[in-house]
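Asks: Got a predicted structure plus its sequence, pasted below:
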Amino acid sequence: MKNKKMINSTAFALIVVMLFSVFSLACSNRKNKPVAQQEESSETATTVVEAPKIVDLSTNGYITIAIKSDGTISWVGGDETVHDLLGSWTDISKVIFGADFCMGLKNDGTVVAAGDNAYGQCNVGGWSNITQLVAGTRSNFVVGLKADGVVVATGENEQGQCNVSGWTDIKKIAAGDAHVVGLKSDGTVVATGSNDFGETDVSEWKDIVDISVYGPITVGLKSDGTVIVQGYNHDYGTWNVSDWTDIVSVAAGDLYVAGLKSDGTVVAKDYNYRGQCNVSEWTDIKEIYPMHSHTVGIKNDGTVVAVGCNDEGECNVGEWTDIVKVYPGFHCTLGLKADGTVVAVGKNDDGQLNVSEL
């Protein structure tokens, strides 16, 4: 009887030890679990979704459109007619403006349009595989470059600016008032449309690595860093930019041309009626943006400089910082910051600079 009691006591002790071990292990496992798992039964973890970031802008000086990282757009300025059309745009990668219309290039290579269609410039519903869009500076036509190097065009064609059906092996296009220029993969250039000022006389160009067009002016950058210019000259003579060397990028403005040198300095020439060519003191520049009557430059440190017409404050960019891209418009300037926010100065009579609403 005594041995039986001892066995029962021993068994009871073993049971207690086992229960204690199980309880300790359970507590340990619970302690090591993430808080979200511990409270899973009473509360679901919250996932924070960041708002889409602005990655690009486009403006014509009357309406500003922001393209966001998710392909949606937002806009300020303009009128309700255009707003109603823009509301259905999605999956957008780029927006351009023409005279009285705008185009959206979608990520799948198709194109959408909004605005005046008097000349059929918005008849782009059948376009596909488009990689670049350009529109006439002051005319109602639009041109698209396809992934296979061919070119399509629609709209006003009184001077043959849309006659691009035979173009092949094109890697970049540019459009002026009434002419279109195409840079071929072999460094030669083709052009069609108005030639009132010799702006399409490019058949002998070679070794071209970049082109720029504005109004009746065509500019070509050669592989050796020199520049060729055809088109309107304020002095009604031949463009002479032979002293321009070591150029890494060129851009045509309204009746003038600017070039960025490899050392970060800038040169500009021709019509300087508002001081838009006064860039000789600029240094450490990485991008240049000539426009109608003012020129803007981004410096390597993200600050911005501007010269030319300042009637509406469009050159008041001295306090801007962390800028990655600039968008000059008619009497206005917009800047996109690295964090996706936007700054703007200049004419705002249509609310086109109310960028805090984008």
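Replies: Done, it's in.
Asks: Could you check how far the residue positioned nearest the centre of the chain is from residue 66?
Replies: Among the residues of the chain, the one closest to the centroid is residue 56, at 4.3 Å (C-alpha atoms, centre = their mean). Taking C-beta to C-beta, to the nearest Å as the measure, residue 56 falls 8 Å from residue 66. For glycine as for every other residue, the C-beta is placed from the backbone atoms N, C-alpha and C.
Asks: For the residue lying closest to the residue nearest to the centre of the chain once chain neighbours are set aside, give me its contacts.
Replies: Residue nearest to residue 56 in three dimensions, not counting chain neighbours: residue 67, with 4.3 Å by C-beta to C-beta, 6 or more residues apart in numbering. Residue 67 makes contact with 54-58, 73, 92-95, according to C-beta atoms under 8 Å, 6 or more residues apart in numbering.
Asks: Helix, strand, or coil at residue 67?
Replies: What DSSP: H, G, I helix; E, B strand; the rest coil gives for residue 67 is strand.
Asks: any idea how far it is from residue 336?
Replies: For residue 67, the distance to residue 336 (C-beta to C-beta) stands at 10 Å.
Asks: Quick check: neighbours shared by the two?
Replies: The contact sets of residue 67 and residue 336 overlap at 54, 56-57 (C-beta under 8 Å, 6+ apart).
Asks: Residue 84: what secondary structure?
Replies: Under three-state DSSP, residue 84 comes out as helix.
Asks: Could you give the number of residues near it?
Replies: Residue 84: 10 surrounding residues under other C-beta atoms under 10 Å.
Asks: Give me the distance between it and residue 354.
Replies: Distance, residue 84 to residue 354, by C-beta to C-beta: 19 Å.
Asks: Likewise for residue 295?
Replies: According to C-beta to C-beta, residue 295 and residue 354 sit 25 Å apart.
Asks: So for the two, which residue has more residues nearby?
Replies: residue 295 (28 against 13).
Asks: what sits against that one?
Replies: 253, 258, 268, 276-277, 279, 288-289, 306-308.
Asks: let's see 7 Å
Replies: Neighbouring residues of residue 295 by C-beta atoms under 7 Å, 6 or more residues apart in numbering: 253, 258, 268, 276, 279, 288-289, 306-308.
Asks: which one of these sits closest to residue 46?
Replies: residue 289 (42.8 Å; C-beta to C-beta).
Asks: Wait, residue 229 touches residue 241, no?
Replies: Yes. Under the criterion of C-beta atoms under 7 Å, residue 229 makes contact with residue 241 at 5.7 Å.
Asks: Compare these two (neighbour count), which wins?
Replies: Set residue 229 next to residue 241 and count neighbours by other C-beta under 10 Å: residue 229 wins out with 24 against 18.
Asks: now the helix or strand in which residue 296 is found, how far from the chain's geometric center?
Replies: In this assignment (DSSP states H and E), residue 296 forms part of strand 294-299. Centroid displacement of strand 294-299 relative to its chain, using C-alpha atoms, centre = their mean, to the nearest Å, is 16 Å.
Asks: Quick one: mean pLDDT over it.
Replies: In this model, strand 294-299 has an average pLDDT of 98.
Asks: Direction included, what does that strand pair against?
Replies: In the sheet, strand 294-299 lines up against strand 285-290 (antiparallel), strand 304-308 (antiparallel) (DSSP bridges).
Asks: Could you identify which of those is most buried?
Replies: strand 304-308 (a mean of 23; mean count of other C-beta atoms under 10 Å).
Asks: what mean pLDDT would you report for that strand?
Replies: Strand 304-308 carries an average pLDDT of 98.
Asks: Just the C-alphas of that strand, formatted as PDB.
Replies: The C-alpha trace of strand 304-308 is given here as PDB (Å, rounded to 0.1, in the frame of the first residue of the first chain):
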ATOM      1  CA  VAL A 304      17.500  77.000 -62.000                       C
ATOM      2  CA  VAL A 305      18.400  80.100 -64.000                       C
ATOM      3  CA  ALA A 306      16.400  82.100 -66.600                       C
ATOM      4  CA  VAL A 307      16.800  85.100 -68.900                       C
ATOM      5  CA  GLY A 308      14.600  87.000 -71.300                       C
END
